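Asks: I'll drop the sequence and a predicted model, then ask my questions.
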Amino acid sequence: MTSGKKASLYLTLGSALWFGLFIKLYPLARFVTSLIPVEPESHLGAALAFFVYDAPKVLLLLSAVVFVMGIINTWFTPERTRALLAGRSLGLANILAASLGVVTPFCSCSAVPLFIGFVQAGVPLGVTFSFLIAAPMVNEIALTLLFGLFGWKIALLYLGLGLMVAIIGGLVLGRMKLEKYLEQWVQDIPTKQISFESANSSFLQRLEAGSSAVKDVVGKVWGYILLGIGVGAFIHGYVPEGFMASFMGKDAWWSVPLAVIIGIPMYSSAAGIIPVVQALLAKGAALGTALAFMMSVVALSLPEMIILRKVLTIRLIFVFIGIVASGILFVGLFFNLVL
Amino acid sequence: MQKVKVLGGGCSNCMVTYNLIKDVVHEMGVEVEIEKVEDIQEIMSYDVMSTPGVVIEETVVHRGGVPSRKTVELWFS
């Protein structure tokens, strides 16, 4: 069998299995809950039904999305992204950079080589920042989890707002002419013309990249998701409505800056923060406050700042934190006001 | 003897990659000199933007993420 045929076969079998599971999930979950001798109307019953249905649903969704993104990622390597951004000026390039941040694979441990690679190729600082803000904050994992647990409106909202913070943050930082606050050795790096040749992968190789992404990502985050759904299920069944409303509700305007400030030093992946957001929302926290908290935790963190300290001076790090935090703060306040 | 460098500033995936290569060459009975490079300026001299990167005889053969065992075996066969 040729590798192309093999790839199509895997793909067909895999998607058939996935769709079968997805369609049968609801009746299956009802069947399982009916086997457990708990009153379906009781708190425990409600919590259990939520757990049996939502946990597999989110994991299934995540597997599919991560698989597709793993394949898409094979086209958007950091090298190609850099080639697309090099030599552009502020403005449209920030929009491009933020959007590429969503589809380019990124790990904060690679933030420094990526930063240098961009600077070296002549990507403007403000554009590089747009990418660096968007990449950890807006990604397929965050979006899928938000979609699976809170619906498409919140997922879309998060995507739009996250991109906005990244675009505007990068534009503002770019306008501030901060090049002189890069570490001296970074400023001394000569700009060089970097040629880009795309690696030609076969379709089978791309599929393999997709499935290894599923193994990698789902293997890492399933614990968080179960925890998140568990917390959600517990709250669903037991905690009185509006418990958090008094101090994280819309009327408490100060809760947004507080949420952002608490979130800055904290470090968590998008998957890890979901349980907290779940808890906050379910207890009556305002949507803007909860989203602002999530963005602040995911986009800004102490470990990442320590990593970036290798290339940015302390002063630039504080400016960076200040601008991104203000953006997130604005988003949170705006949403509490409008919704 | 081939010279192998694993590029990456102390991320967990870099360590995993380093150990994987050591493991594979040991299994295949290939003698190589393997080195971990953590200095960012040296890493950048290979123009590697996503770590871990793997360099064999001064040629970058891998960028970003842990390579599969099959891939590593191909490098040394």
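Replies: Nice, thanks for sending it over. Keep in mind the model is a prediction, meaning the values are calculated, not measured.

Asks: show the pLDDT at whichever residue of the stretch 201-339 of chain A sits closest to chain B.
Replies: Distances between the stretch 201-339 of chain A and chain B by C-beta to the nearest C-beta are smallest at residue A:310, namely 6.2 Å. Yep, even glycine has a C-beta here, placed from its N, CA and C like the rest. For residue A:310, the pLDDT comes out at 87.

Asks: now do the one 3 residues further on
Replies: As predicted, residue A:313 sits at a pLDDT of 94.

Asks: surely it touches residue A:182?
Replies: Yes. Between residue A:313 and residue A:182 there is a contact under C-beta atoms under 8 Å: 7.1 Å.

Asks: more neighbours: the two, which one.
Replies: More crowded of residue A:313 and residue A:182, by other C-beta atoms under 10 Å in any protein chain shown: residue A:182, with 19 against 16.

Asks: got a list of what the more buried one touches?
Replies: Contacts for residue A:182 (C-beta atoms under 8 Å, 6 or more residues apart in numbering or on different chains) come out as A:119, A:125, A:311-313, A:316.

Asks: in those residues, find the pair that's most separated.
Replies: Largest separation among those by C-beta to C-beta: A:119 and A:313, giving 14.3 Å.

Asks: alongside chain A, which residues does chain B contribute?
Replies: Counting by C-beta under 8 Å from any C-beta of the partner chain, the positions of chain B adjacent to chain A are B:8-14, B:40-41, B:43-44, B:47-51, B:63-66, B:68.

Asks: low pLDDT regions in the chain?
Replies: Using chain A. Within chain A, the ranges that satisfy pLDDT under 70 run A:1, A:40, A:193-200, A:236-237, A:239-247.

Asks: wait, chain B
Replies: Judged by pLDDT under 70, the stretches of chain B that qualify are B:10.

Asks: what are the ranges of the helices in it?
Replies: Using DSSP state H, the helices of chain B run over B:12-28, B:40-45, B:69-75.

Asks: and stretch B:19-33, how far out from the chain middle?
Replies: Distance, stretch centre to chain centre, for stretch B:19-33: 11 Å (C-alpha atoms, centre = their mean, to the nearest Å).

Asks: how about that stretch: buried residues?
Replies: B:20-21, B:24-25, B:32 (16 or more other C-beta atoms under 10 Å in any protein chain shown).

Asks: same check on stretch A:59-76?
Replies: A:59-67, A:69-74, A:76.

Asks: and it with chain B, contact?
Replies: No. Stretch A:59-76 does not reach chain B (C-beta under 8 Å from any C-beta); its nearest approach is 9.4 Å.

Asks: can I have that stretch written out in PDB, keeping just the CAs?
Replies: Coordinates of each C-alpha in stretch A:59-76 appear next as PDB, following Å, rounded to 0.1, in the frame of the first residue of the first chain:
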ATOM      1  CA  LEU A  59     -11.800  15.000  25.800                       C
ATOM      2  CA  LEU A  60     -13.300  13.900  22.500                       C
ATOM      3  CA  LEU A  61     -13.500  17.400  21.200                       C
ATOM      4  CA  LEU A  62     -10.000  18.200  22.400                       C
ATOM      5  CA  SER A  63      -8.600  15.100  20.700                       C
ATOM      6  CA  ALA A  64     -10.200  16.100  17.400                       C
ATOM      7  CA  VAL A  65      -9.100  19.800  17.600                       C
ATOM      8  CA  VAL A  66      -5.500  19.000  18.700                       C
ATOM      9  CA  PHE A  67      -5.200  16.400  15.900                       C
ATOM     10  CA  VAL A  68      -6.400  18.900  13.200                       C
ATOM     11  CA  MET A  69      -4.100  21.600  14.700                       C
ATOM     12  CA  GLY A  70      -1.200  19.200  14.800                       C
ATOM     13  CA  ILE A  71      -1.600  18.900  11.100                       C
ATOM     14  CA  ILE A  72      -2.100  22.600  10.500                       C
ATOM     15  CA  ASN A  73       1.000  23.200  12.700                       C
ATOM     16  CA  THR A  74       3.200  21.300  10.200                       C
ATOM     17  CA  TRP A  75       2.600  24.200   7.700                       C
ATOM     18  CA  PHE A  76       3.000  27.000  10.300                       C
END
